[in-house]
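In: Sequence first, then the predicted structure:
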Amino acid sequence: MTENILEMRGITKEFPGVKALDNVNFAVKKGSIHALVGENGAGKSTLMNVLSGWYPYGSYSGDIVYEGEVCKFSKIKDSEEKGIVIIHQELALVPYMTIGENMFLGNEQGKKYAINWDKTHAEATKYLKIVGLTESSKTLIKDIGVGKQQMVEIAKALAKNARLMILDEPTSSLNEEDSQALLDLLLEFKKQGMTSIIISHKINEVSYVADDITILRDGKTIETLHKGTDDISEDRIIRGMVGREMDDRFPKRHDVKIGEVALEVKHWNVYHPIYTEKKVIDDVSFTVRRGEVVGFSGLMGAGRTELAMSIFGRSYGSEISGTVEIHGKEVKLHSPRQAIDAGLAYVTEDRKGSGLILSNPISVNTTLANLKGVCSHGVINHDKELAVAEEYRKKLNTKTPSVQQNVGNLSGGNQQKVLLAKWMYADPDILILDEPTRGIDVGAKYEIYCIINDLVAAGKSVIMISSELPEVLGMSDRIYVLNEGRIVGEFQAADATQEKIMACILSTDPAKAEKEKEQ
Amino acid sequence: MAEKNNHNRLHVREPLSDTQMLMYISIGIFAAMYIAAMLTLKGGFLKPQMIFDLINDNAALIIISCALTIVMIGGGINISVGGVIGLTVMSCALFLNSNADGNSAVSILLTLLLALGIGLAFGVLQGFLVSHLEIQPFIVTLAGMFLARGLTTILSVNPVKVTHEGFLALVKAKLKISWLGYTAQNGNLIPAKIEIGAIVAVCVVILMYLILRYTRLGRSIYAVGGNRQSALMLGINVKSTVFWSYVISGLLSGLAGFVFLMHKPAGNASVAMRSEMDAIASSIIGGTLLTGGVGNVIGTFFGSMILATIQKIIALSPLNASWWQEMANGAMLSFFILLQSLVLMRKNRSRRKKKESAAPAKDRPKDG
Amino acid sequence: MTTKTKILNFVQKYTMIIALVLVTAFFAWRTNGKLLLPQNLTNIIAQNAYVFVLATGMLLCILTGGNIDLSVGSVVCFVGTIGAVLMRSDLNMWLAVLIMLVVGLLIGAWQAFWIAYVKVPPFITTLSGMMVFRGLSNVVLEGKTVSVTNEKFVQLFGGGANCYVPDVFHGQGINLLCVVVGVIACALYLFFTLRSRAVRKRNDLEVESLTRTIVKAVIIVAVVMFFTLRLAQYKGIPMALLWVAVVVLIYTYITSKTTVGRYLYAIGGNEMATKLSGIDTRKIYFFAYTNMGLLAGLAGILTIARMTSAQPTYGQNYEMDAIGSCFIGGASAYGGVGTVPGVIIGALLMGVINIGMSIMGVDANYQKVVKGLVLLAAVIFDVVSKKKNR
């Protein structure tokens, strides 16, 4: 076929403590659609950010060869000038501006010092037509739906004279109809000679549009499959993505008796807090028993965090409906306080953003959710507070010189332990752990697993949300699979395999998932 | 990354208003107020001169309001503008007096340059501290305000009257439009008078409108104020955008000082005291959001005019006491905040209703 | 830890105290010791009483996330106006004081409601408050001055010539009460330090090294005794100091020992984490701004007592002094960091600079410039040192 438009050779990119990309090689043929697949954290987005100049030249090693010349992009503008345009997963649109203004933001039409608005809107209309939108270019972005916003993003890329378009999870927030339209648009562009790279979790979409598929795993290129010569069935791709052996990275649980139902959620519906027309959680019902670890699997954006937070005192979403029963009694949880008092705890995935106060010491963080425990009549007993923090430091084996150390100075694993300590001190019956091992090293992970085992052994219930399939399989008694805000599968740990869950996650058709569940 | 983004959204306080509507509301209120004044107070309000006087008397306020609108759209604040006016007025007055004998045109030009230079210096310094060292704009400009006010009193504690004749001639120079004038009681035709400062102020409004709407810098300021993260992703140089917004606002403050001196040719330690607060109020009343990303200098112009009209109305009404002015300004500001909240609430409710009726229809095909 | 990092840590921890000592030493030297004369020490307190009180309240607002209250100057003026008018009509002094405090509290609650429950940005809410209450003061006073003639009131709140705590021991040439208070304060400090040390040791918690505790104690006792002896040589304890001390003690306690105080810091540190920990952040915002109103009321009382009158121009730029003191005293512009003692040191620093410069005969106007520069320096230092730590 034709020559390569892009070659990335031996790309290695390190973050403090993590090798996100390890000697990745990646080549894209001119005029093709190339898919990049892999699990969460495999390094797909990082690779594309290297390509677009988001991570400037020098912060990684290896070469980018584009149209036969070695490129050293130091900012996004540089790559855009060459015709490489990236469309990020989270839309880079300014809600209070019109479609036209957004499309040419940073790429203004007109002479050097004056924007020509007539031209801007005329151009905008032209590109909108290409992507099949009939909206006026003077409509505000916030007034159109997410699907159309995604199309505006593509129109924006076209307006920048894109010759290589990178789409990061373009359909993750779209419904089926919109997704199909988008994919067909890509095929249409291909006919006109456009090259695209598409990052996607949805394997059916990938096999539908892609000519070549490169699989990344743990920051390394595993293989590249070509349409026509290789088998590119969904099963084949999934095998490449998972491809990992299970080992004894998980401590065994002994004789934990699973008891009566501790938490039951029925017909839970949640809408997006800002785009209130978007349903984030759609009629979800599930149960958790005493002494049980229930895993929640699914892709990023499947609604797992949103589900957990909306149950935890309506911390997320709008117009929430459904019922929550704790130990068989219906409870109304309208604030985190009520949720905590009812025996719930939500250990956030976002340690730094919404979990810990980094500028405060361990002791302060440990007691924050249950300050009553160390104070009388609103006065804090500092000595008691330190004693509590010390107790949990020992219990969880947190490595720190002192509990008066600021949490910001700790490593990720130890921060996670402080976060766990905070919620354990609140003494909940049901803990929701959201990505409890994200961004921490293997040793610390093992310790966290042990803590989870201790918790259920003490009669607590644990809901574990995790993107890592081996972890979900290794730790859970039962697994729910969530996709696009719906529960699409439920497995007993004994029946579940990575392939089964992956297939369940990746099938966008709920009916098919239903069938698999029954099998 | 998508999930993380959602979390960030949770932190964001919902913006109070829609983009254009607030501007129209403020124009509407200005018109209503003016017409009410024409009907009840009559007198001066019936003459076109009144409109010109509003601009003549508040030219400096209009200019610094524009200065504030620009930084506020970019998500910042600048409370040093009043201080910079004070400093500019004082230094220009002293400079003019020391050059009383020289070539008058040259010395006036030099004075203008001095005014712009002072403004520029403050703009560059504050812009650097805010954009590159990332210090909170409020503190930087608070310090700037102290500095400017202090320097003013160091230059002279006593009021300084401009004696430079060429400049005084400039002060008296007025554009006269006879057909907009009126016949006085003694039968003389008194033409409408427009001061140079007023013309400058209107030009500034137009220029700033053009810059915000038709230049890349203008667009970038909106983008940075509206969503800093996506501005970064678009490859906009956020730091330099913020820097330039402060430079422009500094330059405008210097210009405002010069205009002020053309209206009242005397320096004084308390010149334009607190005018930064009036300027902020003008911007907000004109529809600029304190959170950034939304605003318009046309709205700001009418915001200033509303404050100016209140002032005139109070002056001409039986209340005749200047101290009602500040209270009325504050009340106006509160009123607008309330209005903004109400507008938003109603919009949300109507949108929700629309969604409720639409939602079942959307779900049906999937179930079937 | 090397000696170098040790020194660096020390400097970082005690920056403001070191700055205060250096500045004081500088002015003491330049004024040939006049700065430390009893009368001048008294003045530092009496002239700046309102700054101490307002800065304390402002700190609570700033802690919640760098939010400020612009209206305090106007509220001070308005409360003072109400008080002066009430006392002109011969209202009982205590009732007048109570009404003033309640008015301050209500104004605070009014603004706090909008900020906490309607989520109007504090900047706008208090900006409009600043204008409204300044205007209202003007309206009530009709632009004139109303003098405060109630001697008892003036004396009690630190105004007039005789605004000192009476010496119950009737010392000759020296105010014995002042000395006694100094000694008691030192004794209490030592007692509490040692007791907490003992308790912590018993509970197996880590404690400071003994030498460090002793050095600290010696320095504090020396400073307190020097200060009180100096005051004793003049007229004793100024009433204003008494009020400031009460406010400072109460709020140091609130911010460091109570749950409300803890939540203030937590919101500033990470609002989302605080919310998810089951804390009603709205209540905390409400508390901070209502409290600011109350303290502005107290500052209003102190101001009219000191000036023995109420004028519509009183309290102008008080908010800037308060905000400046907070930032100089180490409060973070992003919230969550700052202590009451730190803020008091910040306010003292400004006070010392003001008085030192006026004793030196430096034009009073330079003080504003210096104020601006010191504020800027403090903030730049804060930002830069934090960046390095990262």
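Out: Yes, it's here. Worth saying up front: this structure is predicted, and the values here are computed from it rather than measured.
In: Regarding residue A:465, what are the backbone dihedral angles?
Out: The phi and psi torsions at residue A:465 (degrees, to the nearest 10) take the values phi -100, psi 130.
In: Around chain B, which positions in the stretch 51-200 of chain C sit nearby?
Out: Residues of the stretch 51-200 of chain C lying close to chain B (CB under 8 Å from any CB of the partner chain) are C:66, C:68, C:70, C:114, C:118-121, C:123-125, C:127-136, C:138-139, C:142-143. C-betas here are computed from N, CA, C, even on glycine.
In: Which among the residues you listed count as buried?
Out: Buried by 16 or more other CB atoms under 10 Å in any protein chain shown: C:66, C:68, C:70, C:114, C:120-121, C:123-125, C:127-136, C:138-139, out of those.
In: dump the residue contacts of the closest residue to residue A:259 other than its chain neighbours.
Out: Nearest in space to residue A:259, with sequence neighbours left out and distances taken as CB to CB, 6 or more residues apart in numbering or on different chains, is residue A:290 at 3.5 Å. Contacts for residue A:290 (CB atoms under 8 Å, 6 or more residues apart in numbering or on different chains) come out as A:258, A:259, A:260, A:261, A:262, A:429, A:459, A:460, A:461.
In: Which of the residues you listed fall within strands?
Out: Of these, the ones assigned to strands by DSSP state E are A:261, A:262, A:461.
In: Among these, which one is most surrounded by other residues?
Out: residue A:461 (27 neighbours; other CB atoms under 10 Å in any protein chain shown).
In: Isn't that one up against residue A:433?
Out: No: the criterion here is CB atoms under 8 Å, and residue A:461 misses it with residue A:433 at 11.0 Å.
In: Low-confidence stretches in the chain?
Out: No chain in the question, so chain A it is. Along chain A, the parts satisfying pLDDT under 70 run over A:1-2, A:16-18, A:40-41, A:91, A:111-113, A:243-248, A:441-442, A:507-519.
In: meant chain B actually
Out: Within chain B, the stretches with pLDDT under 70 are B:1-19, B:102, B:319-323, B:340-368.
In: so who does the most centrally placed residue in it touch?
Out: Centroid-nearest residue in chain B: residue B:65, 0.8 Å away (criterion: CA atoms, centre = their mean). By CB under 8 Å, 6+ apart, the residues touching residue B:65 are B:278, B:279, B:282, B:283, B:286, B:300, B:301, B:303, B:304.
In: Could you do residue C:62 as well?
Out: Counted by CB under 8 Å, 6+ apart, residue C:62 has contacts C:68, C:268, C:323, C:326, C:331, C:332, C:333, C:335, C:338.
In: in what helix or strand does it lie?
Out: Secondary structure assigned from DSSP states H and E places residue C:62 in helix C:38-63.
In: For residue A:353, see how far away residue C:276 is.
Out: 10 Å (CB to CB, to the nearest Å).
In: ah, wrong one, I meant residue A:299
Out: Distance from residue A:299 to residue A:353, by CB to CB: 20 Å.
In: Which one's more surrounded, the two?
Out: residue A:299 (21 against 16).
In: Domain parsing of the chain, as residue ranges.
Out: Using chain A here. Segmentation of chain A into domains, based on automatic domain parsing, reads A:4-242, A:255-343+A:429-519, A:356-427.
In: that's the wrong chain, I meant chain C
Out: C:32-163+C:239-384, C:165-237.
In: The ones you listed into CSV, with extra columns for distance to residue A:490 and mean pLDDT?
Out: Below are the domains of chain C laid out as CSV (distance: least, CB to CB, whole Å; pLDDT from 0 to 100):
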stretch, distance to residue A:490, mean pLDDT
domain C:32-163+C:239-384, 28, 88
domain C:165-237, 48, 83
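In: Now render these as a markdown table, adding distance to residue A:329.
Out: Shown next, in a markdown table, are these (distance: least, CB to CB, whole Å):
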| stretch | distance to residue A:329 |
| --- | --- |
| domain C:32-163+C:239-384 | 20 |
| domain C:165-237 | 40 |
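In: Please identify the deepest-packed of these.
Out: Neighbour counts (mean count of other CB atoms under 10 Å in any protein chain shown) averaged over each of the domains of chain C peak at domain C:32-163+C:239-384, with a mean of 22.
In: Would you mind measuring the gap between the ends of that one?
Out: End-to-end distance of domain C:32-163+C:239-384 (CA to CA, to the nearest Å): 35 Å.
In: how would you label residue B:273: helix, strand or coil?
Out: coil (DSSP: H, G, I helix; E, B strand; the rest coil).
In: do the same with the one 10 residues further on
Out: Residue B:283 carries the three-state label helix when classified by three-state DSSP.
In: cool, and residue A:5?
Out: With three-state DSSP as the criterion, residue A:5 reads strand.
In: so which of the contacts of residue B:65 comes closest to chain C?
Out: Closest approach to chain C among the contacts of residue B:65 (CB to the nearest CB): residue B:278, at 8.6 Å.
In: Quick one: list the elements packing against the helix or strand the closest one falls within.
Out: When elements are assigned from DSSP H and E, residue B:278 belongs to helix B:275-285. Identification of packing neighbours for helix B:275-285 by 3 or more CB pairs under 8 Å, 6 or more residues apart in numbering or on different chains; DSSP states H and E yields helix B:49-73, helix B:81-98, helix B:297-316, helix B:324-367, helix C:122-141.
In: Can you tell me which of those is nearest to residue C:354?
Out: With CB to CB as the criterion, residue C:354 lies closest to helix B:81-98 of those, at 18.9 Å.
In: As a check, name the ranges of all helices in the stretch 201-350 of chain C.
Out: C:210-233, C:239-257, C:259-269, C:271-276, C:281-307, C:318-328, C:340-360 (DSSP state H, counting those that start in this stretch).
In: And the stretch 151-300 of chain A, by the same measure?
Out: Going by DSSP H, counting those that start in this stretch, the stretch 151-300 of chain A shows helices at A:176-191, A:203-209, A:234-242.
In: Okay, buried residues for the second one please.
Out: What it means is helix A:203-209. Under 16+ other CB under 10 Å, the buried positions of helix A:203-209 are A:203, A:205, A:206, A:207, A:208, A:209.
In: Run the chain-centre distance for it.
Out: 20 Å (CA atoms, centre = their mean, to the nearest Å).
In: Could you check how many residues crowd around residue A:169?
Out: A count of neighbours around residue A:169, defined by other CB under 10 Å, yields 23.
In: Same question for residue A:289.
Out: Every residue meeting other CB under 10 Å relative to residue A:289 is counted, giving 19.
In: Give the full set of residues in contact with it.
Out: A:258, A:259, A:260, A:261, A:262, A:461.
In: Ok, residue A:371 next?
Out: Per CB under 8 Å, 6+ apart, neighbours of residue A:371: A:380, C:259, C:262.
In: rerun that using 10 Å as the cut-off
Out: Residue A:371 makes contact with A:364, A:378, A:380, A:385, A:425-426, C:258-259, C:262-263, C:266, C:277-279, according to CB atoms under 10 Å, 6 or more residues apart in numbering or on different chains.
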